[in-house]
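[1] sequence unavailable; structure follows:
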């Protein structure tokens, strides 16, 4: 497995992100879909990583800088055939390590409250994320669960 910054130009990334957006739209009302599309992931405040198994793209995940000390996990997605292999855990740890290197002291995320998102919530809880209130531009939404954790910046 290799984790690298994604260049966002290949059809494989577009396809995996489209799969992600389709699932978000199928499980959440439109006003509660907060996933970034391809254009949103190109913003200067966002870095997207891809996980490759040989030449196959198996997962993506992003870090959005909310401010110099606070980052948000965005667009975590593992392709269906590769779920349950620990790939998301490795990618999440990679993103947390990068947040530390950048001097961030907090990571937060938004995920769905529906049963479809239970595996994601369990993953984040295993990595020390705890429920919190809305952050950044989010507002109270019964379809969203907000989670956060502290990270120790690398001096």
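    Right, received. Where do you want to start? Remember, it's a predicted structure, so these values are computed and weren't measured experimentally.

[2] in this protein, what helix or strand scores lowest on average pLDDT?
    Of all helical and strand segments in the chain, the minimum by mean pLDDT, DSSP states H and E falls on helix 11-27, at a mean of 86.

[3] and it, what's buried?
    12, 13, 16, 17, 20, 21, 23, 24 (16 or more other C-beta atoms under 10 Å). (C-beta placed from N, C-alpha, C; glycine too.)

[4] which single one of the residues you listed is nearest to residue 134?
    Closest approach between the buried residues of helix 11-27 and residue 134, by C-beta to C-beta: residue 24, at 17.9 Å.

[5] what's near enough to touch the closest one?
    33, 35, 112 (C-beta atoms under 8 Å, 6 or more residues apart in numbering).

[6] which of the residues you listed fall in helices?
    Using DSSP state H, no member of these falls in helices.

[7] helices of this protein, start to end?
    11-27, 38-41, 87-101, 118-126.

[8] of those helices, which is nearest residue 50?
    helix 11-27 (6.4 Å).

[9] can you list the weak-confidence ranges in this structure?
    Within the chain, the stretches with pLDDT under 70 are 155.

[10] partners of the lengthiest strand in it, with directions?
    Looking across the chain with DSSP state E, the single longest strand is strand 56-67. Looking at strand 56-67 with DSSP bridges, its partner strands are strand 46-53 (antiparallel), strand 70-78 (antiparallel).

[11] and it, how far from the chain's centre?
    5 Å (C-alpha atoms, centre = their mean, to the nearest Å).

[12] among the strands paired with strand 56-67, which is nearest residue 120?
    strand 70-78 (7.1 Å).

[13] make TSV out of the helices of the chain and add distance to residue 141.
    Shown next, in TSV, are the helices of the chain (distance: least, C-beta to C-beta, whole Å):
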stretch	distance to residue 141
helix 11-27	13
helix 38-41	18
helix 87-101	23
helix 118-126	15
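
[14] shouldn't residue 103 be in contact with residue 153?
    Yes. The criterion here is C-beta atoms under 8 Å, and residue 103 meets it with residue 153 at 4.5 Å.

[15] what touches both of those two?
    By C-beta under 8 Å, 6+ apart, the residues touching both residue 103 and residue 153 are residue 69.
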